[in-house]
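S.K.: this is a predicted model, with the sequence first.
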Amino acid sequence: MTSMGRPSDQNLETKEIDLRSMSSSSHGQVPQVYKVAVPPRQNLFKEFQDIIKEILFADDPLRPFKDQSISRKFILGIEAIFPILKWGRSYNLKKFRGDLISGLTIASLCIPQDIGYAKLAHLSPQYGLYSSFVPPLIYAVMGSSRDIAIGPVAVVSLLLGTLLSNEIDPIKNAEEYQRLAFTATFFAGITQATLGVLRLGFLIDFLSHAAIVGFMGGAAITISLQQLKGFLGIKTKMFTTKTDIVSVLHSVFHTAHHGWNWETIVIGASFLSFLLVTKYIGKKNRRLFWLPAIAPLISVILSTFFVFITRADKQGVEIVRKIEKGINPSSVKDLYLTGENLGKGFKVGIVAGMIALTEASAIGRTFASMKDYQLDGNKEMVALGTMNIVGSMTSCYVATGSFSRSAVNFMAGCQTAVSNIVMSVVVFLTLEFITPLFKYTPNAILSAIIISAVINLIDYEAAILIWKIDKFDFVACMGAFFGVVFVSVEIGLLIAVCISFAKILLQVTRPRTAILGKIPRTNVYRNIQQYPEASKVPGVLIVRVDSAVYFSNSNYVKERTLRWLTDEEEKVKGDYPTKIQFLIVEMSPVTDIDTSGIQAFEELHRSLQKREIELLLANPGPVVTEKLYASNFANAIGEKIFLTVAEAVAYCSPKVAEDP
C-alpha cells in the first residue's frame with residue numbers, strides 16, 4: 001500500500017475518500033482503502049465554546065427551551081427552579097395516599113434518630129428536630145428526587161461535631177459553639193448551591209466509591225463506640241472527647257469499676273436487641289418494612305414510660321431531661337459573618353457540605369435508577385444548598401439525604417416529595433405538643449437507636465467486591481477506614497481524598513500499554529496477553545497506548561514504548577533472524593494529545609531512526625490527527641498514518657519480505 005497523503009487545505013471539509021491502488025499479491029490486486037481524514041479546522045472561539053459546553057452543559061439543560069415562546073420559556077424557567085410546579089399539576093389522591101403512609105412512617109423513624117444525631121453534633125436535642133422540619137419543606141419545593149428523605153444523618157452529625165469541637169468547646173462555650181454550627185451550616189449550603197449554579201457537580205465524583213465505603217464504615221465504628229458512653233451510663237466528664245478506637249476503649253475500660261450503670265446497660269441492651277431483631281425481620285420479609293421503621297419510636301415510648309414509673313433516673317440512669325418546645329426560632333443574628341469565627345465556620349462548612357452532598361447524590365441516584373427516572377445533579381445541589389442556607393437561619397444544622405429513611409420511604413410506597421412534607425408536619429406537631437413527653441427518655445435508648453441505624457453503613461460485602469475488582473481501590477477503602485477508626489474522622493477523610501487523587505494521578509501518569517498480535521484467520525489485532533493465540537508479525541512491533549497523551553505521561557509513553565522495543569529485539573535474536581524494522585502505534589484509544597505528547601513522539605521517531613526502524617501510526621482520532629498535521633509531525637514521519645493496524649501491517653509486509 002502506498003503511504004497516505006495529506007489532503008490540501010481546499011478539500012479538508014469534503015473528506016472525500018482517496019482510493020489508491022495496492023501492490024499486487026499472489027491473487028492480484030488488494031482491496032482499495034480509505035485514507036485517514038483530517039477534520040476541518042474550527043475557529044478558536046467555536047472550539048472554546050464546544051469545550052465549555054461539554055464540561056458544564058453535557059446534559060444540555062437548555063434543550064426544553066428550544067423553539068419556545070418567551071412566556072413558555074419563563075414558565076419552564078420557574079418550573080426548573082421549583083419542580084413541584086411541574087409534577088404538582090398531575091398530583092392526585094392516589095399519590096397522596098402513598099405519600100401520607102410513607103411520610104408518617106419515616107416521621108416515626110426520624111424523631112428518635114434526630115434527637116440522637118443532635119447529640120452526635122454536640123447540640124441540644126431540639127436542633128435535630130428543627131433540622132427535620134424546615135429543610136424537608138424547602139427540598140420538597142425545589143428537589144427533583146421522589147424518594148430521598150431529608151434530615152440530619154449520623155456521619156455528617158459526627159463530622160460536624162468533631163470539626164466544630166476542635167474549634168470551640170461545646171460544653172464550656174455552648175452558645176458560641178451553637179452559633180458556629182449555624183455558620184458552618186450556612187457555608188455548607190453556600191458551597192452546595194454554588195457547585196450547582198456553576199454546574200461543577202462533577203467535583204464530588206473525585207471522592208471514589210471505594211473511599212466512601214471505607215470512610216462510611218469507619219465512621220459507623222466510631223459512632224458506635226461513641227455511643228458506649230450513653231449505652232453504659234458513663235458520665236460525660238469521665239469519657240474521652242477523642243474519637244479514635246484506642247482512646248474510646250481505654251476510656252470505657254478505665255471507668256469499668258465505678259463509671260458503669262447496670263440499669264442503663266439493661267435498658268440499652270434490651271432495646272438494642274429489639275431493634276436488631278425487628279431490622280432482621282424487616283430485611284427478611286419486605287412486607288414488614290414498617291416494623292423496623294416504627295421500632296425506634298416504640299422503643300422510645302416504652303423506655304420513657306419504664307423510666308418514669310420506676311424513677312430509674314434517681315438510680316443513675318441518664319435521661320434527656322428537657323427538649324425546648326415550639327418551632328424553630330430565627331438564627332439569622334447568630335451567624336458569624338465577621339471575625340475569626342467566620343473563617344472557622346467557612347472551613348468546617350465546606351467539608352461538611354461536600355460530604356453531605358456526596359451522600360445525598362449517591363442516595364438520589366440509587367433510588368432514581370431503581371424507579372427509572374432521571375435526576376439533574378446540579379438542580380439537586382441547588383435544592384440541597386438552598387435548604388441548608390435557609391436552615392442555618394432557622395436554627396438548623398446541616399441536613400442531607402438519609403439512606404435509612406430514604407429506604408423506608410421507598411419501601412413504604414412514596415410517590416413524590418410530598419412524603420417529606422408529611423414528615424415535616426409530624427415533626428412540627430411533635431415540636432409544638434409532644435416534646436415535654438421526652439423528658440424521661442433515657443440516653444441509653446438514643447444510643448441503641450443510633451447503633452442500630454449506623455450498623456448498615458459497615459458494608460463488608462462492598463469491601464469484598466472492591467478487593468475482587470481492584471486492589472488499589474481496596475487500599476483506598478482500607479486507608480479511609482483505618483484512618484477514621486484509629487486516628488480521627490478528619491484524618492480518615494483526608495486519607496480518602498488523598499488516595500482517590502493518588503489513583504487519578506497514577507492512572508494519568510502511568511497509562512496502560514500493550515503489545516498487539518493478529519488473531520488467526522482474521523485481520524483483527526488484539527492484546528497478546530488477553531489473547532495468547534494472537535501471533536506477532538515478524539519484523540513488526542505493534543504497540544497500543546490506552547490513554548490520552550499529555551505532559552504528565554508523555555515521557556512515560558515514549559520510554560515504555562522503547563522498552564517494549566528493546567524487549568522484543570532481545571527475543572528476536574534467539575527466535576528468528578528477522579529484526580524489528582517497523583513500530584506501529586495503535587492510537588484509537590488516544591483521545592487527545594498535547595504539545596508535550598507531540599514532542600515525545602518526535603523524540604521517539606528520532607530514536608527509531610537511529611535504529612533504522614520506521615514509525616507508523618494507526619487510526620488516530622480526529623483531535624489527534626488534526627494536531628499531528630498542525631505540528632508537522634505527520635510530514636516528519638512521511639505521513640505514514642493508516643486507518644487500521646491491518647493496513648499498516650500490509651504496508652510493512654513487502655518490505656520485511658524483501659529484507660535480505
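M.R.: Yep, that arrived. The shown structure was predicted, so the numbers you read here are calculated from the model rather than taken from an experiment.

S.K.: and the next helix or strand past the host helix or strand of Lys53?
M.R.: Following DSSP states H and E, one finds Lys53 within helix 44-56. As assigned by DSSP H and E, the chain's next helix or strand after helix 44-56 is helix 70-81.

S.K.: in the helix or strand bottoming out on mean pLDDT in the chain, what's buried?
M.R.: The weakest-scoring helix or strand in the chain, judged by mean pLDDT, DSSP states H and E, is helix 44-56 (a mean of 72). For helix 44-56, the buried set under the neighbour-count rule, 16 or more other C-beta atoms under 10 Å, is empty. C-beta here means a position set from N, CA and C on the backbone, and glycine is covered the same way.

S.K.: mind exporting that helix as CSV, just the C-alpha atoms?
M.R.: Coordinates of each C-alpha in helix 44-56 appear next as CSV, following Å, rounded to 0.1, in the frame of the first residue of the first chain:
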residue,chain,number,x,y,z
LEU,A,44,-10.7,29.4,18.3
PHE,A,45,-14.0,30.7,19.7
LYS,A,46,-16.0,27.8,18.4
GLU,A,47,-13.5,25.3,19.8
PHE,A,48,-13.5,27.0,23.2
GLN,A,49,-17.3,27.2,23.2
ASP,A,50,-17.6,23.4,22.5
ILE,A,51,-15.2,22.6,25.3
ILE,A,52,-17.1,24.7,27.8
LYS,A,53,-20.4,23.2,26.7
GLU,A,54,-19.1,19.7,27.1
ILE,A,55,-17.7,20.4,30.6
LEU,A,56,-20.5,22.4,32.1
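
S.K.: which other helices and strands does it contact?
M.R.: Using 3 or more C-beta pairs under 8 Å, 6 or more residues apart in numbering; DSSP states H and E, no helix or strand is in contact with helix 44-56.

S.K.: tell me how this structure divides into domains.
M.R.: Listed domain ranges for the chain are 91-501, 511-657 (source: the TED database).

S.K.: distance to Arg72, mean neighbour count and mean pLDDT added to the ones you listed, as a markdown table?
M.R.: Converted to a markdown table, the domains of the chain look like this (distance: least, C-beta to C-beta, whole Å; neighbours: other C-beta atoms under 10 Å; pLDDT from 0 to 100):
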| stretch | distance to Arg72 | mean neighbour count | mean pLDDT |
| --- | --- | --- | --- |
| domain 91-501 | 19 | 21 | 92 |
| domain 511-657 | 37 | 17 | 89 |
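
S.K.: in TSV: these, plus distance to Pro64.
M.R.: Listed next are these as TSV, based on distance: least, C-beta to C-beta, whole Å:
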stretch	distance to Pro64
domain 91-501	11
domain 511-657	30
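
S.K.: compare the ones you listed and give me the one nearest Gln68.
M.R.: Nearest of the domains of the chain to Gln68, taken as C-beta to C-beta: domain 91-501 at 18.3 Å.

S.K.: mind checking the end-to-end distance for the closest one?
M.R.: 45 Å (C-alpha to C-alpha, to the nearest Å).

S.K.: does Asn527 really touch Arg544, like I thought?
M.R.: Yes: assessed by C-beta atoms under 8 Å, Asn527 is found in contact with Arg544 at 7.2 Å.

S.K.: return every residue with contacts to both of these two.
M.R.: Applying C-beta atoms under 8 Å, 6 or more residues apart in numbering, one finds that Asn527 and Arg544 are jointly contacted by 514-516.
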